[in-house]
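*Asks:* Prediction below, plus the sequence it came from.
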Amino acid sequence: MSQSIFLDTINGIKRERPPVWFMRQAGRVLPSYMKLREKYGFKEMMENPELAAQVTLLPIHDLGVDAAILFSDILVIPEALGMELSFEGKGPSFATALKDVSDPLSFLSGKPEKLEHIYKAIDRILETKPNEIPLIGFCGGPLTTLCYMYQGFSRNQNFPDFVPAIYRDKALMKKVVAKITEMSIHYALKQVEHGVKAFQLFETHAGLIPVELYKEVFLPSVKAVLGAVREKGVKTIYLPKGLGTGINMVNYDLCDCVSVDWQMPLHEVRGIVGEEMILQGNFDPRILEATPQAIDQEFEYFLNYGRKDHKWIFNLGHGLLPSIPVENVEYLVKKVKESDWGR
């Protein structure tokens, strides 16, 4: 057994309880993060290795979670492909989106040096983190990354211009996906080289298109990125949010661990993906906007599930929401750590 309950579990080793961490754990739920945000802009914090390391480790100290995830953004890949990104105003936006470009392929150019500050942040995190806490690296899934690149930035999360564009010229889209894939592999392997102990691919918008179209245009890219990481002996996690019945395409050939959204119960997913796959998820973060009593009630299912299945990491069905009271998150972590899992 290692010091890390997270690494043991993702390696299939039975521990006394499931490990717990949350997507978007380093963010607006934490008062300590909001204090930093009074002084620094989001992009400034991301691009300053010292600040990025500090923010990455806030949830370890403030919430007591079992793993840290790199404080960064999925849109660093478009930046490394030469797109100009700003976080001014109400969120990220590109100076020019792919939908406004006549030739997307020649518009994109490789600028991997734009990712260097992230590796420095990883080095700094590893110097300052507690020994038993592993660092999880990540990048965006190919579909999700391309959604934003193509649309620019849209308050409308349906990306209205993007989906018709795939149908209009699938061959072109596959070529753009190939560029995203190549840069994502470069980025993922650099994170591994600098010492991340697991790697998660966030396909937040997997439910945007039909499963068969996803399988044809984007799944080969997922396999390529996660496969490159696995070859280095680092465990991989795949979050295909909204994939629905497409979860039957997710097997041990693709990744070590599948992170499950809130739409499907864990026991059903286990029946589909088989016994060797590690599961992660899928507590609905919106429950955390309710009361401790509501949390207790919903937690019961997970407690019963975790008593039977030790190949499971406690997490949410998606990221923490800014509206969630930090006390409820602390309460949930305590429940995971102090409950009797009967192991």
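*Replies:* Structure's in. What do you need? Numbering: from 1, shown residues only.
*Asks:* Can you check what pLDDT the model gives His153?
*Replies:* One thing to correct before we go on: residue 153 is Phe, not His. Looking at Phe153, its pLDDT reads 73.
*Asks:* Could you say which helix or strand holds it?
*Replies:* Using DSSP states H and E, Phe153 falls within no helix or strand.
*Asks:* Could you pull up phi and psi at the residue nearest to it when sequence neighbours are not counted?
*Replies:* Nearest residue to Phe153, sequence neighbours excluded (C-beta to C-beta, 6 or more residues apart in numbering): Ser93, at 4.1 Å. Every C-beta, even on glycine, is put in place using the N, C-alpha and C of the backbone. Main-chain dihedrals, Ser93, degrees, to the nearest 10: phi -150, psi 150.
*Asks:* For the most centrally placed residue in the chain, which three-state class applies?
*Replies:* Geometric centre of the chain, nearest residue: Phe202, 4.0 Å, by C-alpha atoms, centre = their mean. Put simply, Phe202 is strand when judged by DSSP: H, G, I helix; E, B strand; the rest coil.
*Asks:* Surely it is in contact with Gly137?
*Replies:* No - in this structure Phe202 lies outside contact range of Gly137 using C-beta atoms under 8 Å: 11.3 Å.
*Asks:* before we move on, back to that, give me the distance between the residue nearest to Phe153 and His205.
*Replies:* In this view, Ser93 and His205 are 17 Å apart by C-beta to C-beta, to the nearest Å.
*Asks:* These two: which is more packed in?
*Replies:* Between Ser93 and His205, counted using other C-beta atoms under 10 Å, the more crowded position is His205 (23 against 17).
*Asks:* List the residues that contact the nearest residue to the more buried one once chain neighbours are set aside.
*Replies:* Distances taken as C-beta to C-beta, 6+ apart place Thr144 nearest to His205, at 4.7 Å, with adjacent residues excluded. Listed by C-beta atoms under 8 Å, 6 or more residues apart in numbering, the contact set of Thr144 reads Ile74, Phe202, Glu203, Thr204, His205, Ala206.
*Asks:* Reformat those into JSON lines and put pLDDT and distance to Gly271 next to each item.
*Replies:* Formatted as JSON lines, the contacts of Thr144 follow (pLDDT from 0 to 100; distance: C-beta to C-beta, whole Å):
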{"residue": "Ile74", "pLDDT": "93", "distance to Gly271": "30"}
{"residue": "Phe202", "pLDDT": "97", "distance to Gly271": "25"}
{"residue": "Glu203", "pLDDT": "97", "distance to Gly271": "22"}
{"residue": "Thr204", "pLDDT": "95", "distance to Gly271": "25"}
{"residue": "His205", "pLDDT": "95", "distance to Gly271": "25"}
{"residue": "Ala206", "pLDDT": "96", "distance to Gly271": "20"}
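*Asks:* Tell me the one of those nearest Gln280?
*Replies:* For the contacts of Thr144, the residue nearest Gln280 by C-beta to C-beta is Phe202; the value is 12.2 Å.
*Asks:* In contact with the residue lying closest to Asn11 once chain neighbours are set aside, which residues are there?
*Replies:* Leaving aside its sequence neighbours, Asn11 sits nearest to Lys235 (C-beta to C-beta, 6+ apart; 7.0 Å). By C-beta under 8 Å, 6+ apart, the residues touching Lys235 are Leu7, Ile10, Asn11, Lys197, Ala198, Phe199, Asp256, Cys257, Ile278.
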